[in-house]
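Novice: no FASTA, just this:
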Ligand SMILES: O=C(O)CCC(=O)C(=O)O
Ligand SMILES: [Fe+2]
């Protein structure tokens with residue numbers, strides 16, 4: 001893997017771009033052609049046989065929904081995804097943006113076949129139902145990030161083939177966009193080559209575009225990272241196989257939430273001081289095997 005770390009100055013500049021700049025940037029060629037080939041081939045295999053999976057932001061596209069396909073829970077579906085989700089550069093950015101015990105909310109793929117539909121403009125989990133404003137606490141604001149998205153391009157993203165559309169700077173609005181909003185703000189597309197990675201703050205309004213081509217099949221791996229205390233979108237502890245959990249690196253264990261064992265049943269824990277500056281022990285997550 002191309003695992004060269006990036007400088008602290010560069011990370012600070014990236015974090016600033018997410019919070020105060022456009023809300024996204026693109027890192028070119030983070031993944032090698034062989035990783036991309038392998039990932040793309042797996043996504044095609046799974047999405048050819050598993051159509052009709054849950055999807056989002058497609059309320060207007062009932063008749064074309066089979067031209068937009070999701071593959072979920074990728075850590076069970078190939079070692080290449082286990083490698084991608086813990087790329088050292090993504091770990092550096094994630095740690096700086098979300099706190100260094102951040103976790104994985106989801107790793108999935110989105111494939112839009114030729115003629116397939118784009119999405120409504122939206123923001124991502126845990127903000128993704130923010131149209132219900134009263135379900136969020138007062139003063140929710142963008143200065144305290146609770147999401148980091150990365151889109152690994154498995155195909156070149158062009159103006160025509162369904163590249164993710166983005167409304168720069170809208171992360172500062174901290175709200176779900178209306179259809180009227182998206183007309184008022186200028187839009188760009190996250191364009192790039194296969195192997196590039198778009199990194200964005202999920203509060204930035206965005207949407208997969210319609211794939212207007214007749215022959216360009218567009219896929220991407222979508223990774224959602226969250227601060228340690230946000231409930232992940234995909235249930236990592238139940239969904240990721242026990243084999244992958246047992247083989248996990250320290251980094252992957254952190255991403256799967258093993259370092260943050262809550263909720264737990266405190267009534268069943270050993271007595272004693274288990275949290276606080278001078279606690280002698282900590283609550284730990286127990287792997288399924290250990291609990292049997
Ligand atoms: O596939 C894309 O281009 C974007 C997908 C997306 O934003 C989402 O599913 O939340
Ligand atoms: Fe999204």
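Specialist: Good, I have the coordinates. Treat the numbers as computed from the prediction; the structure is a model and nothing was measured. Ligands and ions are numbered 1, 2, ... in the order given.
Novice: Those residues of this protein touching ligand 1, which are they?
Specialist: Listed as neighbours of ligand 1 in the chain under the rule CB under 6 Å from any ligand atom: 56, 110, 124, 164, 206, 208, 220, 222. Bear in mind the C-beta positions are built from the backbone N, C-alpha and C, glycine included.
Novice: any idea which helix or strand comes after the host helix or strand of the last one?
Specialist: Right, residue 222. In the assignment (DSSP states H and E), residue 222 maps to strand 218-226. Where DSSP H and E defines the elements, the next helix or strand beyond strand 218-226 is helix 236-239.
Novice: Look at residue 180 and say how many residues are nearby.
Specialist: Neighbours of residue 180 under the rule other CB atoms under 10 Å: 7.
Novice: Okay, it and residue 121: tell me how far apart.
Specialist: Computed as CB to CB, to the nearest Å, the residue 180 to residue 121 distance reads 11 Å.
Novice: what sits opposite residue 199 in the beta ladder?
Specialist: For residue 199, the beta-bridge partners are residue 25, residue 150 (DSSP bridges).
Novice: Isn't it up against residue 23?
Specialist: No: counting by CB atoms under 8 Å, residue 23 is not a contact partner of residue 199; they are 9.9 Å apart.
Novice: In the stretch 1-150 of the chain, what residue comes closest to ligand 1?
Specialist: Going by CB to the nearest ligand atom, ligand 1 is nearest to residue 110 of the stretch 1-150 of the chain, at 3.6 Å.
Novice: Give the helix, strand or coil label for that residue.
Specialist: Using DSSP: H, G, I helix; E, B strand; the rest coil, the structure places residue 110 in strand.
Novice: right, and it touches residue 220 too?
Specialist: Yes: counting by CB under 8 Å, residue 110 touches residue 220, with 5.7 Å between them.
Novice: So which of those two has more stuff around it?
Specialist: residue 220 (28 against 24).
Novice: Identify the residue spatially nearest to that one, adjacent ones excluded.
Specialist: Closest residue to residue 220 apart from its sequence neighbours, by CB to CB, 6 or more residues apart in numbering: residue 151 at 4.9 Å.
Novice: need the contact list for that neighbour.
Specialist: Residues counted as contacts of residue 151 (CB atoms under 8 Å, 6 or more residues apart in numbering) are 164, 190, 197-200, 220-223.
Novice: Make a markdown table out of those and add pLDDT.
Specialist: Listed next are the contacts of residue 151 as a markdown table, based on pLDDT from 0 to 100:
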| residue | pLDDT |
| --- | --- |
| 164 | 98 |
| 190 | 98 |
| 197 | 98 |
| 198 | 98 |
| 199 | 98 |
| 200 | 98 |
| 220 | 98 |
| 221 | 98 |
| 222 | 98 |
| 223 | 98 |
